[in-house]
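> What shape does this take:
(one chain, ligands or ions: 1)
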Amino acid sequence: MVEQKLQDTQTRALEEITRSDSLEELNEIRIRFLGKKGELTGVLRGMAAFSPEERPRIGQIANRVREKIEEKLDDRMAQLKEQVRKRKLEAETLDITLPGTVFGPGRLHPLTAVTRQIEDIFLGLGFSIAEGPEVETDYYNFEALNLPKDHPARDMQDTFFITPETLLRTHTSPVQVRTMERTAPALPVKIIAPGKVYRRDDDATHSPMFHQIEGLALDRRITFADLRGVLQVFARQMFGEDTQTRFRPSYFPFTEPSAEVDISCVMCAGKGCRVCSHTGWLEILGCGMVHPRVLEMSGYSSEEVTGFAFGMGIERVTMLKYGIDDLRLLFDNDMRFLAQF
Ligand code: PHE
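You can find the predicted model right below:
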């Protein structure tokens with residue numbers, strides 16, 4: 001009787017386990033058959049009804065039934081766990097056969113590349129490279145360049161002041177002064193000075209921070225013709241052998257005479273187009289003969305020494321060279337843009 005009942009319990013338990021298809025269900029079966037209030041426990045509780053001779057035998061059968069059920073539970077649990085794992089893997093969208101992300105070699109930022117090209121041209125003409133601080137004193141940025149405190153030309157170069165006497169330099173021209181103070185009265189002097197400058201400007205062609213390259217050449221008999229020759233060689237090497245240059249009279253407090261230099265339009269070769277506003281010419285820099293007062297303030301005799309200076313915007317040169325129409329693209333650091341150069 002009881003053997004039959006135990007056998008029954010086993011058969012039903014094994015069937016249910018085989019049919020179960022979740023870990024929760026399996027756990028529920030375990031409790032129902034083997035738990036404290038489970039079926040098998042119930043049978044064993046009824047042992048008192050048997051004679052002492054029969055008890056060990058029934059106990060043995062009951063234990064074997066428990067073992068069988070436990071074994072089956074463990075097997076089924078392992079199967080279900082494997083199923084869950086497989087399903088998870090199948091749901092993964094990761095395709096390990098797809099090619100990976102390739103990181104190519106880096107490249108120079110267009111502004112860095114153009115700065116180096118300009119430097120190379122002037123190094124080839126015998127200039128060397130000088131540097132100066134970006135946080136500059138009023139004296140070097142303005143005063144020593146013949147721009148006293150109340151000078152109207154200061155208005156065009158409004159900038160970021162740190163104290164009333166220190167500011168972010170508005171041009172690279174203070175490096176002229178620092179160089180002259182250091183070298184005077186030695187001759188010749190031939191330097192270029194690339195670097196960052198700052199102004200209170202911000203639109204498609206002006207950024208509050210931009211780059212310039214200054215040039216300065218001093219010696220005993222330097223003339224405007226030398227200035228013209230040097231800048232013509234520069235323009236041809238930078239923009240192509242057919243590039244024309246044109247000097248227009250201009251004004252800077254630190255040069256006399258002063259000029260602005262145009263090159264024939266790089267887009268239309270002087271015929272007139274949108275880029276050059278149909279004039280055929282593009283302005284690229286300011287220049288002139290170093291003002292006698294500037295020479296004297298920095299320790300050179302204006303009787304013996306003459307020289308020229310120029311300053312150009314590197315962003316402007318870069319935009320013209322590559323046909324970029326919005327300066328801000330140079331500072332957005334968007335790889336889709338930068339990777340084109
Ligand atoms: N410093 C002038 C500017 O930023 C450019 C310049 C430099 C003009 C040297 C003449 C000589 O506008």
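
> Get me the contact residues on this protein for the ligand.
Within the chain, the positions adjacent to the ligand are 171, 173, 252, 255, 286-288, 309-311 by C-beta under 6 Å from any ligand atom. (Glycine included, C-beta is placed from N, CA and C.)

> Cross the residues you listed against strands and list the overlap.
Using DSSP state E, the members of the residues of the chain next to the ligand that fall in strands are 252, 255, 286-288, 309-311.

> returning to what we had before: between the residues of the chain next to the ligand, which has the most around it?
Scoring these on neighbours with other C-beta atoms under 10 Å, the highest-scoring entry is Ser173 at 30 neighbours.

> What distance do you get for it to Ala193?
Relative to Ala193, Ser173 is positioned 9 Å away (C-beta to C-beta, to the nearest Å).

> and if you look at Met77?
Distance from Met77 to Ala193, by C-beta to C-beta: 78 Å.

> Those two - which one has more neighbours?
The residue with more neighbours, out of Met77 and Ala193 and counting by other C-beta under 10 Å, is Ala193; that gives 22 against 16.

> hey, where'd the helices end up in the stretch 201-341 of the chain?
Counting by DSSP state H, counting those that start in this stretch, the segments of the stretch 201-341 of the chain that form helices are 224-239, 292-297, 314-322, 329-332, 335-338.

> Can you redo those helices as JSON lines, where the extra columns are mean neighbour count and mean pLDDT?
Below are the helices of the stretch 201-341 of the chain laid out as JSON lines (neighbours: other C-beta atoms under 10 Å; pLDDT from 0 to 100):
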{"stretch": "helix 224-239", "mean neighbour count": "18", "mean pLDDT": "98"}
{"stretch": "helix 292-297", "mean neighbour count": "18", "mean pLDDT": "98"}
{"stretch": "helix 314-322", "mean neighbour count": "20", "mean pLDDT": "94"}
{"stretch": "helix 329-332", "mean neighbour count": "15", "mean pLDDT": "94"}
{"stretch": "helix 335-338", "mean neighbour count": "11", "mean pLDDT": "92"}
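
> And the ones you listed: which comes nearest Thr18?
Closest of these to Thr18 is helix 335-338, at 58.8 Å (criterion: C-beta to C-beta).

> what residues does the closest one touch?
For helix 335-338, the surrounding residues in contact (C-beta atoms under 8 Å, 6 or more residues apart in numbering) are 107, 109-110, 329.

> rerun at 10 Å
With C-beta atoms under 10 Å, 6 or more residues apart in numbering as the contact definition, helix 335-338 has outside contacts at 106-110, 324, 326, 329-330, 332.

> of those, closest to Leu123?
Among the contacts of helix 335-338, and counting by C-beta to C-beta, the member closest to Leu123 is Leu108, at 17.2 Å.

> need the contact list for that closest one.
114-116, 338, 341.

> just Phe224 next, same as before
Residues in contact with Phe224 (C-beta under 10 Å, 6+ apart) are 247, 257, 259, 287-289, 306, 308.

> are any of those residues buried, and which?
In terms of neighbour count (16 or more other C-beta atoms under 10 Å), the buried residues within those are 247, 259, 287-289, 306, 308.
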